[in-house]
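Peer 1: Give me a model of this one.
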Amino acid sequence: MTTEWISDLAQAEIETQETGKIDAFGHLNEEKILNGHTLSFLKELKTVFQSAAQQFNELRQDSRQTIKIYGIAQTEADFLVFRNSLKLVVSYARVGQIEISFHSLSGGLFAPKKITPSTGRHAVPKPPGNTDDVKGDLLDIELGPFNEAYWTFKGIRVDSSAVVRFYLTEFIKNSAS
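Peer 2: Numbers count the residues shown, from 1 in each chain. Here you go, the predicted structure:
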């Protein structure tokens, strides 16, 4: 459980005492809530990717096949996973939305194979072979009754472990040399 909200409350109270101004409804600002949840989930995804990549690298024991994870400059939480000229980019698309996409070092979306994924509500995420749409896959947020975050893919709830397992598997399979 994150306790960042307690820190925010304490800081708001200190500011109220110092300035004499109170923001009675700031904690209900939906854009601020969504932004906080989006950044938090991006950081959670990065942590899970780092853990899985470290385990893979230890088991693989081949420095030429190492998976590396880099933060993206001038962003608050975006990152990329890199190996053998393939990048998996995980980025803040907009408030309440995260984009995940595959790119080759030469630019553009990575397209090692041409596969048409299922469509519709129960479709699996796009494999790297699909370049019909320049955008990657999108994870969207749903807020619960107490402003808790639920992340979804095409309306279906997902968790960070499943997201990382799917995308890292695709990444590893398609970046092997």
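
Peer 1: Nearest spatial neighbour of the residue nearest in space to the middle of the chain, chain-adjacent residues omitted?
Peer 2: What sits nearest the mean C-alpha location of the chain, by CA atoms, centre = their mean, is L42, with 4.1 Å. Distances taken as CB to CB, 6 or more residues apart in numbering place A77 nearest to L42, at 3.8 Å, with adjacent residues excluded. For every residue, glycine as well, the C-beta is placed using N, CA and C.

Peer 1: Tell me if I'm right that that neighbour and E44 touch.
Peer 2: No - counting by CB atoms under 8 Å, A77 does not reach E44; the two are 9.6 Å apart.

Peer 1: V81 and S40: what is the separation?
Peer 2: In this view, V81 and S40 are 19 Å apart by CB to CB, to the nearest Å.

Peer 1: ok, now K46?
Peer 2: According to CB to CB, K46 stands 11 Å off from S40.

Peer 1: Comparing the two, which residue is more hemmed in?
Peer 2: K46 (20 against 14; other CB atoms under 10 Å).

Peer 1: L39: which element?
Peer 2: L39 is part of helix 30-60, with elements assigned from DSSP states H and E.

Peer 1: Buried residues, that helix. List them.
Peer 2: Neighbour-count burial for helix 30-60, counted by 16 or more other CB atoms under 10 Å, picks out 33-39, 41-42, 44-46, 48-49, 52-53, 57.

Peer 1: by how many degrees do the lowest-mean-pLDDT helix or strand in the chain and helix 30-60 diverge?
Peer 2: Within the chain, no helix or strand scores below helix 4-19, which has a mean of 86 by mean pLDDT, DSSP states H and E. Here helix 4-19 runs at an angle of 140 degrees relative to helix 30-60 (axes from the mean of the first three to the mean of the last three CA atoms, to 10 degrees).

Peer 1: got the contact list for helix 4-19?
Peer 2: Helix 4-19 has contacts (CB atoms under 8 Å, 6 or more residues apart in numbering) with 21-23, 26-27, 36, 40.

Peer 1: Ranking by neighbours, what's the top pick from those residues?
Peer 2: Neighbour counts for the contacts of helix 4-19, by other CB under 10 Å, peak at G36, which reaches 18 neighbours.
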